[in-house]
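Novice: whatever this is, show me its structure:
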Amino acid sequence: MSYLYDTIEDIARLADRENISFSEVVLRAEMEGTGSTRDEVVKEILYRVQIFKESVRDGLQDERKSKSGMSGGQAKQLHERKPIFLSDLTYRALRYAISVNEANAKMFRIVACPTAGACGILPGVMQAVGEVYNCDDEAYINGFLAAAGVGNVVTNQACVAGAVGGCQAEVGTAAAMAAACAVDMMGGTTEEIITAMTLCMKNVLGLVCDPVAGLVEVPCVKRNGIYAVHALSSAEMAMAGLRSRIPADEVIGAMDSIGRALPEALRETSEGGLARTKTGMEITNRLANRK
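Specialist: Model (predicted):
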């Protein structure tokens with residue numbers, strides 16, 4: 001039988017029919033779609049997870065500024081103090097997500113998941129959950145697969161590019177992927193995984209993409225940290241038994257229609273929002289004159 005899927009509902013239906021997990025459906029679909037063996041898929045996942053971990057480490061250790069001077073060293077700044085308001089888990093996710101996005105701004109090696117501008121959220125959440133709960137490789141693999149399933153559906157049914165759907169498509173999708181990952185890593189059910197990603201995406205709808213000077217640094221770096229915490233909030237609600245009134249696939253469709261309705265100025269053109277503030281324009285002009 002085929003395990004290929006187009007929607008979140010497809011994954012849920014296959015998981016229920018075959019009495020397998022959300023992540024197992026995604027794994028079997030990957031094997032079917034690529035012709036790879038289970039071992040080959042798992043090996044590739046662990047390779048990417050290792051890059052996640054290296055990106056977190058490198059971003060924390062490197063204090064240098066990016067070429068633009070707009071980011072760098074902020075993850076380390078967070079790392080060297082104790083949190084006042086957040087738990088250990090959420091504070092780790094926050095600073096790890098910022099760390100990876102700073103690594104991206106400095107042209108280090110990262111995994112775009114689903115994009116470079118949103119690259120810190122999934123690694124930040126995964127690493128934080130993995131460390132705090134001492135997760136084994138199987139948990140990392142399953143979490144990665146759950147995130148991949150969500151990302152695949154959004155990519156194919158809507159969009160993940162800020163230039164098409166605003167930052168709700170990039171950071172919103174990344175946060176939804178991270179929420180699904182966190183729940184799966186903690187042994188959550190298919191319903192809990194789907195609820196987590198749905199609640200997460202519902203509450204990022206309308207987020208615009210307005211990078212200062214056309215660089216995914218301001219507001220993107222700190223936005224990665226904030227939405228890593230948002231992902232964990234959604235995961236917490238899902239595992240507490242809360243459910244979404246709107247189904248996952250309808251939320252994805254709404255995100256797509258909202259994104260395409262956004263003015264072009266708010267879709268990664270740097271012609272609106274924060275990019276056109278007085279300070280945003282000063283930064284843009286300074287960088288332009290430096291070239």
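Novice: residue nearest the centroid of the protein?
Specialist: Nearest to the mean C-alpha position of the chain, counting by CA atoms, centre = their mean, stands residue 174 at 2.1 Å.
Novice: that one is in what secondary structure piece?
Specialist: Using DSSP states H and E, the element containing residue 174 is helix 167-185.
Novice: same question for that helix, mean pLDDT?
Specialist: When pLDDT is averaged along helix 167-185, the result is 98.
Novice: if I pick residue 6, what's in contact with it?
Specialist: Residues near residue 6 by CB atoms under 8 Å, 6 or more residues apart in numbering: 153, 156-157. Yep, even glycine has a C-beta here, placed from its N, CA and C like the rest.
Novice: coming back round to it: please verify my assumption that the residue nearest to the centre of the chain contacts residue 122.
Specialist: Yes - taking CB atoms under 8 Å as the definition, residue 174 is a contact partner of residue 122 at 5.8 Å.
Novice: mind listing the shared neighbours of those two?
Specialist: Common neighbours of residue 174 and residue 122 (CB under 8 Å, 6+ apart) are residue 113.
Novice: for residue 229, which non-adjacent residue is spatially closest?
Specialist: Ranked by CB to CB, 6 or more residues apart in numbering and with sequence neighbours excluded, the top spatial neighbour of residue 229 is residue 90, at 5.1 Å.
Novice: residue 230 versus residue 217, what's the distance?
Specialist: Between residue 217 and residue 230 the computed distance is 20 Å (CB to CB, to the nearest Å).
Novice: next: residue 167.
Specialist: As defined by CB to CB, residue 167 lies at a distance of 13 Å from residue 230.
Novice: and those two? which has more neighbours close in?
Specialist: residue 167 (31 against 25; other CB atoms under 10 Å).
Novice: surely the more buried one and residue 208 touch.
Specialist: Yes - at 6.0 Å, residue 167 counts as touching residue 208 under the criterion of CB under 8 Å.
Novice: biggest helix in this protein by residues?
Specialist: The residue-count maximum for a helix in the chain (DSSP state H) belongs to helix 38-61.
Novice: got the end-to-end distance for stretch 185-192?
Specialist: 12 Å (CA to CA, to the nearest Å).
Novice: tell me where the model's unsure across this protein.
Specialist: Along the chain, segments meeting pLDDT under 70 span 291.
Novice: try 90
Specialist: 1, 62-63, 290-291 (pLDDT under 90).
Novice: quick one: residue 161 from residue 107, how far?
Specialist: Residue 161 sits at a distance of 20 Å from residue 107 (criterion: CB to CB).
Novice: the two - which one has more neighbours?
Specialist: Just comparing residue 161 and residue 107: by other CB under 10 Å the higher neighbour count belongs to residue 161, 18 against 9.
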